[in-house]
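A.B. asks: only geometry, no sequence info:
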């Protein structure tokens, strides 16, 4: 029986690669993003190449009501979601008090509210069947505070701790929750967030490699998957618990300053 994966943020980057990986394995898909044109192009490609069924839903997940509308439409279509992949998210660069509040509110609605709501709507069905997997795309940003990306780093910390907490709540079931924490990745994220001119994004890894790590980690039921870090970044991550917070904050700020 084919497994069905619902993927948000599926029109580009990591989400698009996750969709390709699942289709390559013969799985059907429900793909969600804002761009209907991009979704239709991807749907045609995947159905033609892999003989899978792809349902697309053009939705703006910054709308607090979007998650419920998605769940209701999926249920009405009698589609069982086996893998819930909450991948959609965006960031923004600049001092918190200078950034447009509307942009940061949309970021919170997408990175936190939509992810949490979709999990809340689809998880009870998984629990009833005692079967299912959830993959939430967080970030290595969730390990630390992020001066010049204060809201983004904070939203990703939420995703990591939320994912880990419900994973433990489900310890006596066959349902797993995996938290994917990419480093700097070759996606539209850097450009749209204003991070493409910072030291942090001087070296990036492919979206495909991050997607493969995340997908495989989900299938294996891993708790956390860290992907796409350079050697120096791995060393930095290990040093975080031993670095005085003021020193750490200064280091992160300098890494995120525009060159």
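C.D. replies: Yep, that arrived. Source: prediction; values computed, not measured. Residues are numbered from 1 along each chain as shown.
A.B. asks: The host helix or strand of residue 57: which residues count as buried?
C.D. replies: Using DSSP states H and E, residue 57 sits in strand 54-58. By 16 or more other CB atoms under 10 Å, the buried positions in strand 54-58 come out as 54, 55, 56, 57. For the C-beta atoms, the positions are set from N, CA and C on the backbone; glycine is no exception.
A.B. asks: tell me which of those is nearest to residue 211?
C.D. replies: Closest approach to residue 211 among the buried residues of strand 54-58 (CB to CB): residue 54, at 16.7 Å.
A.B. asks: For the closest one, give me its contacts.
C.D. replies: Contacts for residue 54 were tallied using CB atoms under 8 Å, 6 or more residues apart in numbering; they are 23, 28, 29, 30, 31, 42, 43, 46, 47.
A.B. asks: Residue 133 looks like it's in a strand, true?
C.D. replies: Yes. Using DSSP: H, G, I helix; E, B strand; the rest coil, the assignment for residue 133 is a strand.
A.B. asks: how much distance is there from the strand holding residue 57 to the middle of the chain?
C.D. replies: Here strand 54-58 is found 18 Å from its chain centre; the criterion is CA atoms, centre = their mean, to the nearest Å.
A.B. asks: so how far is the helix or strand following that strand from its chain's centroid?
C.D. replies: Per DSSP H and E, the first helix or strand lying C-terminal to strand 54-58 is helix 66-76. Remark: helix 66-76 is offset 19 Å from the chain centroid, using CA atoms, centre = their mean.
A.B. asks: ok, longest helix in this protein?
C.D. replies: Longest helix in the chain, counting residues (DSSP state H): helix 150-169.
A.B. asks: what are the ranges of the helices in this structure?
C.D. replies: Going by DSSP H, the chain shows helices at 13-24, 36-50, 66-76, 101-108, 115-129, 150-169, 189-193, 207-220, 231-239, 245-256.
A.B. asks: Give the buried residues for the last one.
C.D. replies: It stands for helix 245-256. Buried residues in helix 245-256 (16+ other CB under 10 Å): 248, 251, 252, 255, 256.
A.B. asks: so how far is residue 149 from residue 64?
C.D. replies: 23 Å (CB to CB, to the nearest Å).
A.B. asks: Have a look at the two and say which one is more surrounded.
C.D. replies: Between residue 64 and residue 149, residue 149 has the larger neighbour count (other CB atoms under 10 Å), namely 28 against 11.
A.B. asks: Surely that one and residue 253 touch.
C.D. replies: No. At 9.8 Å, residue 149 and residue 253 do not qualify as touching, with contact defined as CB atoms under 8 Å.
A.B. asks: what number of residues lie near residue 110?
C.D. replies: With other CB under 10 Å as criterion, residue 110 counts 21.
A.B. asks: For the remainder of this discussion, apply numbering that starts at 315.
C.D. replies: Renumbered: residue one is now 315, and that last one reads residue 424.
A.B. asks: any idea which of the buried residues of helix 559-570 is least confident?
C.D. replies: Taken together, these show their lowest pLDDT at residue 570, with 79.
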